[in-house]
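Participant: Return a 3D structure for these sequence lines:
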Amino acid sequence: MSAIELTPAQRKELRGQAHHLDPVVMIGDAGLTPAVVREADAALKAHGLIKVRVFSDERETREAMLRELAGKLNAGAVQHIGKLLVLWRPLPEKVTPEDDDRGAAPRVVKIVKFSKSGNHRPQIKKVTVMGNQRVAAGGQIKRAKPRQVSQKKKSLG
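Facilitator: This next block holds a predicted model:
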């Protein structure tokens, strides 16, 4: 795989986004092991933009690790500052299955009834409303009915 090439403008924007991030992957004395590469890949899949801390004192070694990580993970090398490396890869699109035949899910509704005199606290009730129910005026739960349509409109449509 090859690393993503970033323009200076993209790199500047990503540096700003990465400023407040904490390192999520640490590279120790063992160097760039397959386990470290797997963790960095998982972090890129989850976050897209990550910081990696390298516990090495040699700048050339850290530069080589940044290039190698970017190449192995098909990511863009954003920044190398001190012992921190910043990598970016676009997040994959999440696929959600669409179920057209599903109805509305049950939901919890808070019903507030105020007292007739202003001296008492309002009564608060949490009620679960099913998909075929609705809350009517006064806090009553009624079964939702299909909207009534006139006979003329039925014959036209």
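
Participant: Just the buried residues of the helix or strand of the chain at the bottom of the mean pLDDT ranking, please?
Facilitator: Across the helices and strands of the chain, mean confidence by mean pLDDT, DSSP states H and E is lowest for helix 151-156: a mean of 83. Within helix 151-156, no residue qualifies as buried by neighbour count (16 or more other CB atoms under 10 Å). The C-beta positions use only the backbone N, C-alpha and C, and glycine is treated the same way.

Participant: For it, output the C-alpha coordinates as CSV.
Facilitator: The C-alpha coordinates for helix 151-156 follow below in CSV (Å, rounded to 0.1, in the frame of the first residue of the first chain):
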residue,chain,number,x,y,z
GLN,A,151,-65.0,9.6,0.5
LYS,A,152,-64.5,12.0,-2.3
LYS,A,153,-60.7,12.0,-1.8
LYS,A,154,-60.7,8.2,-1.6
SER,A,155,-62.4,8.0,-4.9
LEU,A,156,-60.0,10.5,-6.5
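
Participant: who does the host helix or strand of residue 15 touch, helix- and strand-wise?
Facilitator: Using DSSP states H and E, residue 15 maps to helix 8-18. Identification of packing neighbours for helix 8-18 by 3 or more CB pairs under 8 Å, 6 or more residues apart in numbering; DSSP states H and E yields strand 49-54, strand 76-81, strand 84-88.

Participant: and residue 30, that one's in a strand?
Facilitator: No. Residue 30 sits outside any strand when classified using DSSP: H, G, I helix; E, B strand; the rest coil, being coil.

Participant: Could you identify which of the helices and strands packed on helix 8-18 is most buried?
Facilitator: strand 84-88 (a mean of 24; mean count of other CB atoms under 10 Å).

Participant: Can you name the residues in contact with the helix or strand just after the helix holding residue 15?
Facilitator: For helix 8-18, the succeeding helix or strand toward the C-terminus, using DSSP H and E, is strand 25-27. Applying CB atoms under 8 Å, 6 or more residues apart in numbering, the contact partners of strand 25-27 are 36, 39, 40, 43, 50, 51, 52, 53, 54, 55, 56, 65.
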